[in-house]
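Asks: I'll drop the sequence and a predicted model, then ask my questions.
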Amino acid sequence: MNSIWLKIAGVALIAIIVIVVIGRFQSDKPAAESRQPERTRTFADVAERDRQFATAPKPAEDQPVEQPAPVAAPPAPQPAQPPAPAPAQPAAGGVVLPSSITKTTTLYFKPLSEEEDIAAQQLLPWAQTGRSIGRLPMMSYGPMVRACRDILTRWPDSSYAFRAKQMLEDISTSSRVGGFNITPQEMDITRFLKPRQGTQAVKVEPVQR
């Protein structure tokens, strides 16, 4: 009889030891995982972020129309609401910079001919790639700036010109002013804020930094 109780006690002791060991292993696992270093950003990550500059804005007609939420009638007459603020505000010198766009905004661009559009589609990614390379140590934004200025000269009223202005503004101030003498007028998007003859409405998004 005593040997049976000894066996039962032995089995119970082994079970307790197994439970304690498993509990200790599970409690140590999150701590070990938390000590793993964070993954550093690579050039591929930077290039992926910069691809947004080579994405053509979508026509406003393709965007779903947001329906305003119903508002209950006020109990008493309310004063007239002030006009909504402009989506983009002028910077110093009266120019409006691409960075002033902080939400989805309607801009107005002139469409290109098929031949011009193909040429612009080839040049804009070249500028975007030049921007990614320019962010590497010992490299220059020169190819990007030349491509952007080419776009601004050939298609100044197009959505490609807007993307070029975004890229010119997005580099460091020292590179813009000291390195390439990029003027505020080269980055100004005032002409895109209002409809003009021959333009089409296009929705643009702010730059994701």
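Replies: Looks like it arrived, so ask away. Numbering: from 1, shown residues only.
Asks: return the residues in contact with residue 189.
Replies: Going by CB atoms under 8 Å, 6 or more residues apart in numbering, residue 189 touches 88, 96, 97, 98, 101, 107, 162, 165. Any C-beta I mention is one placed from the backbone N, CA and C, and that applies to glycine too.
Asks: let me have these in TSV, extended by distance to residue 202 and neighbour count.
Replies: Listed next are these as TSV, based on distance: CB to CB, whole Å; neighbours: other CB atoms under 10 Å:
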residue	distance to residue 202	neighbour count
88	14	19
96	16	21
97	18	20
98	14	23
101	12	22
107	6	24
162	9	21
165	14	21
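Asks: now, the residues you listed that are in strands?
Replies: residue 107 (DSSP state E).
Asks: just send the contacts of residue 189 back as TSV, with pLDDT and distance to residue 195 too.
Replies: Below are the contacts of residue 189 laid out as TSV (pLDDT from 0 to 100; distance: CB to CB, whole Å):
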residue	pLDDT	distance to residue 195
88	62	15
96	94	16
97	95	21
98	94	19
101	93	17
107	97	10
162	96	15
165	96	19
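Asks: got a list of what residue 182 touches?
Replies: Residues near residue 182 by CB under 8 Å, 6+ apart: 145, 168, 176.
Asks: which stretches of this protein have low pLDDT?
Replies: Low-confidence segments of the chain (pLDDT under 70): 1-13, 15-93, 209.
Asks: all strands for it, in order.
Replies: Ranges of strands within the chain are 58-59, 105-109, 200-204, based on DSSP E.
Asks: can you check which of those strands gets nearest to residue 185?
Replies: strand 105-109 (17.5 Å; CB to CB).
Asks: direction included, what does the closest one pair against?
Replies: strand 200-204 (antiparallel) (DSSP bridges).
Asks: send over the strand it pairs with as PDB, restricted to the C-alpha atoms.
Replies: Provided in PDB are the C-alpha atoms of strand 200-204 (Å, rounded to 0.1, in the frame of the first residue of the first chain):
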ATOM      1  CA  GLN A 200      -9.800  69.400 -65.500                       C
ATOM      2  CA  ALA A 201     -10.400  68.900 -61.800                       C
ATOM      3  CA  VAL A 202      -8.100  66.400 -60.100                       C
ATOM      4  CA  LYS A 203      -7.900  65.100 -56.500                       C
ATOM      5  CA  VAL A 204      -4.500  65.200 -54.900                       C
END
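Asks: list the residues that contact residue 185.
Replies: residue 95.
Asks: ok, now residue 186?
Replies: The contact partners of residue 186, by CB under 8 Å, 6+ apart, come to 149, 152, 165, 168.
Asks: so what's the first one up against?
Replies: Residues counted as contacts of residue 149 (CB under 8 Å, 6+ apart) are 164, 186.
Asks: offset the numbering so it begins at 37, please.
Replies: Happy to do that; since the first residue is 37 now, the last one works out to residue 185.
Asks: against residue 237, how distant is it?
Replies: 27 Å (CB to CB, to the nearest Å).
Asks: what of the third one?
Replies: Counting by CB to CB, the gap between residue 201 and residue 237 amounts to 18 Å.
Asks: and residue 192, what does it touch?
Replies: Going by CB under 8 Å, 6+ apart, residue 192 touches residue 227.
Asks: try it again at 10 Å.
Replies: 146, 200, 227 (CB atoms under 10 Å, 6 or more residues apart in numbering).
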